[in-house]
Structures are given as structure tokens and as C-alpha cells.
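**Student:** generate coordinates for the sequence data below:
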Amino acid sequence: MSDIEVKKALRVYQKITTSGVLKDGEYILDGLKAAQSFDGYTASIYNERVRLDLLFHNKFTFTFDNKKERAGFLEKLDKIDKQK
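**Tutor:** Next comes the predicted model:
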């Protein structure tokens, strides 16, 4: 999964949580949701079919149903990252 840049994902997480709408404990921006674990150790960005969990030490887990949905998710990450 070399296409995941953890620093970029963390920037996107921050943008979603600062610019997104808070609903039921999740922040939502441009179709992506962001939330953190109850202990604060894991930050997650996800939608209905793709999930990126950001862990300590620049580690992550990335789960998706198929390559098309994965590509669309990565495009949304890029789009949000480029927003000011």
C-alpha cells in the first residue's frame, strides 16, 4: 500500500475534523467521515466501503472492497488535502 502517505492522511483527518459537520460522533466532509477511537490512539477516515485507520509510528490499516472504490477513496483524500 505504498500509495498511502500517512502525513497526508493525517492532514486530511485534521481538515475533516475542523471543517466537517459533526453528526453522531463522526465528522463528515465531502463524503468522508473521520473519528477517533475511545482512547485516542487511532484516527480513522472512512466511508461505506473503505476504511483507513491511522495508528502510532506511521502505521496504518487500509481495508476496501475493490480497487475501484479504493481509487475513489484516494482521490477524495487528494481533493480534501488540496482544499484550503
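**Student:** can you give me the strands for the protein?
**Tutor:** In order along the chain, the chain carries the following strands (DSSP state E): 21-23, 26-29, 32-36, 43-46, 50-54, 60-64.
**Student:** let's have those strands in a markdown table, adding mean pLDDT, mean neighbour count and distance to residue 10.
**Tutor:** Every residue, glycine included, has its C-beta placed from N, CA and C. Formatted as a markdown table, the entries for the strands of the chain read as follows, by pLDDT from 0 to 100; neighbours: other C-beta atoms under 10 Å; distance: least, C-beta to C-beta, whole Å:
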| stretch | mean pLDDT | mean neighbour count | distance to residue 10 |
| --- | --- | --- | --- |
| strand 21-23 | 96 | 10 | 19 |
| strand 26-29 | 96 | 18 | 14 |
| strand 32-36 | 97 | 20 | 11 |
| strand 43-46 | 97 | 21 | 7 |
| strand 50-54 | 97 | 20 | 6 |
| strand 60-64 | 96 | 15 | 10 |
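**Student:** of those, which is nearest residue 3?
**Tutor:** Shortest distance between residue 3 and the strands of the chain, using C-beta to C-beta, is found for strand 60-64: 9.0 Å.
**Student:** neighbouring strands - and their directions - for that closest one?
**Tutor:** strand 50-54 (antiparallel) (DSSP bridges).
**Student:** what about the top helix by length along the chain, average pLDDT?
**Tutor:** The helix spanning the most residues in the chain, taking DSSP state H as the definition, is helix 67-82. For helix 67-82, the mean per-residue pLDDT is 96.
**Student:** tilt between it and strand 50-54?
**Tutor:** 50 degrees (axes from the mean of the first three to the mean of the last three C-alpha atoms, to 10 degrees).
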